[in-house]
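In: sequence and predicted structure, then a few things I'm wondering about:
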Amino acid sequence: MSGGGPGQALFAFVRYWSRRPPAGDGEMAERGRLVLVAEAVHALARRGSAATVNAVAQEIGIDQSGASRLVKAATQAGYLAMRPSDADGRQRQATLTSSGHALLDQAHDWQERVFDQLTEGWSERRRRDFQRAMTELIERSGALRG
């Protein structure tokens, strides 16, 4: 990549990884969608937020009907369980099942392998510094969203 500033590099990186077609067949693409919704539920739970369909939609950045389909598919696959919301009994919220945790563990192992491949030849310090910088960007981007 030539020219441009660090903001352009950041957004080029995000576009590249967010637009990559899933490798393999339709089954692999479906697994990627299931990981996406499981990651969203996991992230919401870590922040102490109820993983309602609307919250999952906002976390992923899609509309409510798309999130509803993803949550339903992940529930049918056994990765999520639905229960009444603690805050509002009329709403339902998702939680990860033991299979959902296993799915995320496998996905996280794959993510670490990809990172290792992308940073092959980097020192451990450079890898840690890059991880720290990415983590700070994520935290700050959350604050920008409100």
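Out: Structure's in. What do you need? Numbers count the residues shown, from 1 in each chain.
In: what about A51, which SS state?
Out: Here A51 is coil, with the state taken from DSSP: H, G, I helix; E, B strand; the rest coil.
In: quick one, phi psi at it?
Out: With angles defined as degrees, to the nearest 10, A51 sits at phi -90, psi 70.
In: now P84
Out: Main-chain torsions, P84, degrees, to the nearest 10: phi -60, psi 140.
In: tell me the helix or strand right after the helix or strand containing A55.
Out: Here A55 sits within helix 53-60, counting by DSSP states H and E. Proceeding C-terminally, helix 53-60 gives way to helix 64-76 as the next helix or strand, assigned by DSSP H and E.
In: which residues touch T119?
Out: By C-beta atoms under 8 Å, 6 or more residues apart in numbering, the residues touching T119 are R126, R127, F130. The way it works is simple: take the backbone N, C-alpha and C, and place the C-beta from them, glycine included.
In: counting contacts, what elements does the helix holding A55 pack onto?
Out: helix 26-46, helix 64-76, strand 92-96 (3 or more C-beta pairs under 8 Å, 6 or more residues apart in numbering; DSSP states H and E).
In: helices and strands of this protein: which one bottoms out on pLDDT?
Out: Least confident helix or strand of the chain, by mean pLDDT, DSSP states H and E, is helix 6-19 with a mean of 83.
In: against G5, how distant is the residue positioned nearest the centre of the chain?
Out: In the chain, the C-alpha nearest the mean C-alpha coordinate belongs to E39, at 4.2 Å (C-alpha atoms, centre = their mean). In this view, E39 and G5 are 29 Å apart by C-beta to C-beta, to the nearest Å.
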